[in-house]
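Novice: heads up, no residue letters with this:
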């Protein structure tokens with residue numbers, strides 16, 4: 001599986017070939033990776049329209065959110081573990097295993113006869129998703145140099161936008177015509193195709209790393225994360241934030257996570273190497289990804305609530321309400337990826353994306369009861385543009401800043417903190433909405449004329465708890481006196497204003513962090529120059545100087561099929577220097593002393 005290449009002549013020697021794209025095998029692998037991400041992402045959105053039918057048939061309405069929470073928790077815990085193990089033992093079989101586990105979870109979910117068995121099946125799906133999501137991005141890093149990686153990651157980022165549009169539409173249609181169980185089964189054929197593509201075409205070099213599995217790190221991180229995320233999910237809903245249950249869970253999580261940090265400083269092969277997070281470019285990118293995830297879920301989860309509760313959009317049409325945002329994100333993500341690959345510059349997109357997102361959330365926060373749907377659509381499009389400009393770029397920055405041997409761990413770190421951000425965002429913004437509704441709606445009702453208040457008391461509809469619940473239930477709202485509709489919708493509008501306003505500082509924080517991210521030239525090779533020089537059996541002078549030919553035995557492999565584009569990209573640095581197309585291109589591979597630019601900028 002070789003990449004398409006071009007050669008630049010060099011006096012006295014034939015120049016090494018420069019990476020210009022994936023060959024047929026590489027493209028088929030890329031298709032397999034996209035299909036794997038598609039099924040994992042689709043499973044998060046396709047089930048939404050089926051949820052009411054599921055709880056109506058299986059029961060468990062009081063634990064409704066566990067259908068989503070189970071997958072989210074297991075996925076968040078799995079990400080860092082799988083990332084590290086893939087660095088030690090290779091990606092291929094972990095990816096295939098993740099696909100198999102995900103499909104097993106889908107089958108179990110479709111066969112569920114009880115609510116808690118469905119929760120278990122969703123947890124199995126979460127384990128598969130926690131494997132597929134980070135490894136898809138990591139394998140892209142294995143086969144494509146950072147300079148060319150932007151356009152491919154832009155396309156993969158668009159997968160999330162497509163599933164956010166297609167998922168609710170497909171899920172609703174399947175549930176109505178075939179039943180909710182088929183919402184889980186429909187991803188199976190795509191998963192099988194992805195499995196075949198990866199099994200047949202993905203062949204990476206065997207990992208050269210050695211080290212023991214960090215079992216102690218896994219045993220401290222896993223329960224610590226579960227306790228912290230459960231407390232965050234339950235707080236303000238099932239239990240008060242100050243209740244002994246929530247405080248006790250946070251205390252136990254803190255002890256376990258402190259033990260994890262101490263462990264990571266002592267073991268030979270840490271699960272999450274702390275030295276990675278000590279590097280400014282990695283730490284800033286990870287923190288910005290966390291902040292964006294918090295803000296992003298403020299839009300994805302609560303914009304439909306605003307549309308239904310404040311604007312009176314039907315539940316059927318609410319699945320379409322996020323389409324403008326998703327389309328804007330898809331198109332922008334693809335264009336930005338292409339521009340990064342063409343120019344080698346990514347920092348302007350981060351900063352512009354942060355500014356656009358802040359503007360978008362300010363537009364959301366300034367919506368008021370009575371505004372038209374076009375006001376909401378404008379805010380969503382602006383937010384979608386901001387997400388498309390920046391969200392996938394942070395992964396590229398981190399991958400470019402680390403050596404290939406830590407690629408899985410670094411990529412998983414970005415995905416891990418993004419998952420944590422989505423959990424925190426959903427919980428915190430949900431608490432804000434609930435707390436604000438309990439005061440805003442009663443205040444609006446109390447401001448009604450005395451005659452209407454007396455009529456309300458006489459009608460027996462004065463229970464504030466039922467009035468708050470009625471705002472998202474059209475049938476319940478229809479049974480209330482007409483003069484109550486405006487105060488209830490207006491009260492929810494005030495609550496949603498607080499929710500969107502709470503998301504603004506997180507978008508602003510992502511922008512602030514992005515301002516401090518320094519530009520490190522994107523490598524033209526999969527590996528750093530130092531890693532290439534350290535490979536046993538390779539003529540370092542030829543590798544770095546560029547003789548234009550490399551005997552096959554200089555790259556001993558355990559797998560008969562070579563790495564995608566490896567023979568082309570390993571010598572890409574010298575080709576760029578020989579081409580002389582741009583003074584900045586010389587810096588893309590190494591600094592003036594021949595060292596890796598990441599090391600020069602960060603060390």
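Specialist: Good, I have the coordinates. Worth saying up front: this structure is predicted, and the values here are computed from it rather than measured.

Novice: Okay, buried residues for whichever strand or helix holds residue 172 please.
Specialist: Take DSSP states H and E as the rule and residue 172 turns out to sit in helix 146-177. Buried residues in helix 146-177, counted by 16 or more other Cβ atoms under 10 Å: 146-168, 170-172, 174-175. Any C-beta I mention is one placed from the backbone N, CA and C, and that applies to glycine too.

Novice: same for it, what does it pack against?
Specialist: Counting contacts by 3 or more Cβ pairs under 8 Å, 6 or more residues apart in numbering; DSSP states H and E, helix 146-177 is packed against strand 17-21, helix 24-46, helix 115-143, helix 182-185, helix 323-343, helix 373-390, helix 393-401.

Novice: can you give me the offset of that helix from its chain's centre?
Specialist: From the chain centre to the centre of helix 146-177 is a distance of 12 Å (Cα atoms, centre = their mean, to the nearest Å).

Novice: Name the nearest residue to residue 51, ignoring sequence neighbours.
Specialist: residue 67 (6.4 Å; Cβ to Cβ, 6 or more residues apart in numbering).

Novice: I'd like the distance between that neighbour and residue 183.
Specialist: According to Cβ to Cβ, to the nearest Å, residue 67 stands 11 Å off from residue 183.

Novice: overlap in contacts of those two?
Specialist: Residues within reach of residue 67 and of residue 183 at once, by Cβ atoms under 8 Å, 6 or more residues apart in numbering, are residue 47.

Novice: Let me know the distance separating the residue lying closest to residue 214 once chain neighbours are set aside from residue 80.
Specialist: Nearest residue to residue 214 in three dimensions, chain neighbours excluded: residue 271, at 4.3 Å (Cβ to Cβ, 6+ apart). Computed as Cβ to Cβ, the residue 271 to residue 80 distance reads 6 Å.

Novice: Which neighbours do the two have in common?
Specialist: 221, 409.

Novice: Quick one: residues contacting residue 73.
Specialist: 123, 126, 225-226, 229-230, 233.

Novice: Distance of it relative to residue 264?
Specialist: In terms of Cβ to Cβ, residue 73 sits 22 Å off from residue 264.

Novice: swap in residue 340?
Specialist: 32 Å.

Novice: Neighbour count for those two, which is higher?
Specialist: Using other Cβ atoms under 10 Å as the criterion, residue 340 and residue 264 rank with residue 340 on top: 25 against 20.

Novice: Excluding covalently adjacent residues, which one is nearest to the more buried one?
Specialist: residue 150 (3.2 Å).

Novice: Kindly report the same for residue 32.
Specialist: residue 197 is the one closest to residue 32 (Cβ to Cβ, 6+ apart), at 3.0 Å.

Novice: Strands of the chain, start to end?
Specialist: Using DSSP state E, the strands found in the chain span residues 4-7, 17-21.

Novice: of all the helices and strands packed on helix 146-177, which lies closest to residue 523?
Specialist: Nearest of the helices and strands packed on helix 146-177 to residue 523, taken as Cβ to Cβ: helix 393-401 at 6.2 Å.

Novice: what angle separates that closest one from helix 146-177?
Specialist: Orientation check (axes from the mean of the first three to the mean of the last three Cα atoms, to 10 degrees): helix 393-401 against helix 146-177 gives 140 degrees.

Novice: quick one: low-confidence parts of this structure?
Specialist: Counting by pLDDT under 70, the chain contains low-confidence ranges at 1-21, 49, 52, 60-65, 204-211, 237, 298, 314-319, 455-478, 526-603.

Novice: and residue 215, how far is that from residue 123?
Specialist: 21 Å.

Novice: okay, those two: which has more neighbours?
Specialist: residue 123 (19 against 11).

Novice: Tell me if I'm right that the more buried one and residue 69 touch.
Specialist: No: between residue 123 and residue 69 there is no contact under Cβ atoms under 8 Å: 9.5 Å.

Novice: returning to what we had before: I'd like to know which of the helices and strands packed on helix 146-177 lies nearest to residue 510.
Specialist: Per Cβ to Cβ, nearest to residue 510 of the helices and strands packed on helix 146-177: helix 373-390, 7.5 Å.

Novice: Which strands or helices does that closest one pack on?
Specialist: helix 146-177, helix 280-309, helix 323-343, helix 347-365, helix 482-515.

Novice: if we go to 6 Å?
Specialist: helix 323-343, helix 347-365 (3 or more Cβ pairs under 6 Å, 6 or more residues apart in numbering; DSSP states H and E).

Novice: Would you mark the buried spots in the first one?
Specialist: Residues of helix 323-343 classed as buried: 323-330, 332-334, 336-337, 339-341 (neighbour count, 16+ other Cβ under 10 Å).

Novice: Same check on stretch 433-450?
Specialist: 433, 436-437, 440-441, 444-445, 448.

Novice: for stretch 216-235, same thing?
Specialist: Result for stretch 216-235 [16+ other Cβ under 10 Å]: buried residues 216-218, 220-235.

Novice: Please work out which residues outside it touch it.
Specialist: 69, 73, 77, 81, 241, 246, 249-250, 252-253, 256-257, 259-260, 263-264, 271, 423-424, 427 (Cβ atoms under 6 Å, 6 or more residues apart in numbering).

Novice: Please indicate which of these are buried?
Specialist: Judged by 16+ other Cβ under 10 Å, buried ones among these: 69, 73, 77, 81, 246, 249-250, 253, 256-257, 259-260, 263-264, 271, 423-424, 427.

Novice: quick one: which of these sit in helices?
Specialist: Counting by DSSP state H, the part of these found in helices is 69, 73, 77, 81, 246, 249-250, 253, 256-257, 259-260, 263-264, 423-424, 427.

Novice: rewinding a little: out of the helices and strands packed on helix 146-177, flag the one nearest residue 503.
Specialist: helix 373-390 (9.6 Å).

Novice: What are the buried residues along the closest one?
Specialist: Buried, per 16+ other Cβ under 10 Å, within helix 373-390: 375-376, 378-390.

Novice: Tell me how far residue 308 lies from residue 424.
Specialist: 24 Å.

Novice: what number of residues lie near residue 515?
Specialist: 12.

Novice: Please name the nearest non-neighbouring residue to it.
Specialist: residue 351 (6.4 Å).

Novice: And the one you found, how far from residue 519?
Specialist: 11 Å.
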